[in-house]
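**Student:** predicted model and sequence below, questions to follow.
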Amino acid sequence: MIVPIYASALLWIIAIPVVLILLIIFWAVGAYNGLVGLRNKFKNAFSQIDVQLKRRYDLIPNLVETVKGYMKHERETLEAVIAARSQATSAREAAAANPGDPGSMGALMAAESGLGGALGKLFALSESYPDLKANENMASLQEELKTTENKIAFSRQHYNDCVMSYNNKREMFPSSIVAGMANFAAATMFEVSDEEREQVDKAVDVKF
């Protein structure tokens, strides 16, 4: 009887650590997969922003073409819009290639701020041109820009929510252990200040 009891005890001594190791492995795999899922979710959310940003940038050349026939003495303003659009396009492409990256997202936010300011100045000046205000194409472009801005705002909020969920999972114990070991980097939100948001809202709300 002593031998079977000894064998049974030895089996338990071996089995318990093995079970614990298996449980830890299963948990680690689950935590890793959870982080991957959340990372893919915020990247997919950024792709929705990317579509709307590209749509807005594609509207700007048409906008410039429409207004330059009326605003012949505002060349500096038009050139500023074109330059800001070019910078924002490059920043968008970099951010789309690596959503959530601090450097790329920071550059995109700065470029968006510059473009918003340039467009705001353009629309403010356009109010002084009655013929331009009566132009149907201008009114149509502005309506498209307004719709696009609303879609960007909605997509940006969704992206930021996804980033927050990912960052929370990444930072909370014990999943933070897996995040650190597997090099899950923190993701950066796409934020717009209240002042910038007001500036854009005023620009696209100019009535034509």
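**Tutor:** Looks like it came in fine.
**Student:** number of nearby residues for N98?
**Tutor:** 13 (other Cβ atoms under 10 Å). Every residue, glycine included, has its C-beta placed from N, CA and C.
**Student:** now do the phi/psi pair for it.
**Tutor:** phi -150, psi 70 (degrees, to the nearest 10).
**Student:** for it, which non-adjacent residue is spatially closest?
**Tutor:** Nearest non-adjacent residue to N98, counting by Cβ to Cβ, 6 or more residues apart in numbering: S104, 5.1 Å away.
**Student:** show me the contacts for the one you found.
**Tutor:** Counting by Cβ atoms under 8 Å, 6 or more residues apart in numbering, S104 touches 91, 94-95, 97-98.
**Student:** which of these has the largest number of neighbours?
**Tutor:** Within the contacts of S104, neighbour counts (other Cβ under 10 Å) peak at A95, which reaches 25 neighbours.
**Student:** wait, that one touches M109, no?
**Tutor:** No - using Cβ atoms under 8 Å, A95 makes no contact with M109, being 9.1 Å away.
**Student:** just to revisit the earlier point, what secondary structure does the residue nearest to N98 sit in?
**Tutor:** The assignment at S104 comes out as helix when based on DSSP: H, G, I helix; E, B strand; the rest coil.
**Student:** pLDDT score for it?
**Tutor:** As predicted, S104 sits at a pLDDT of 96.
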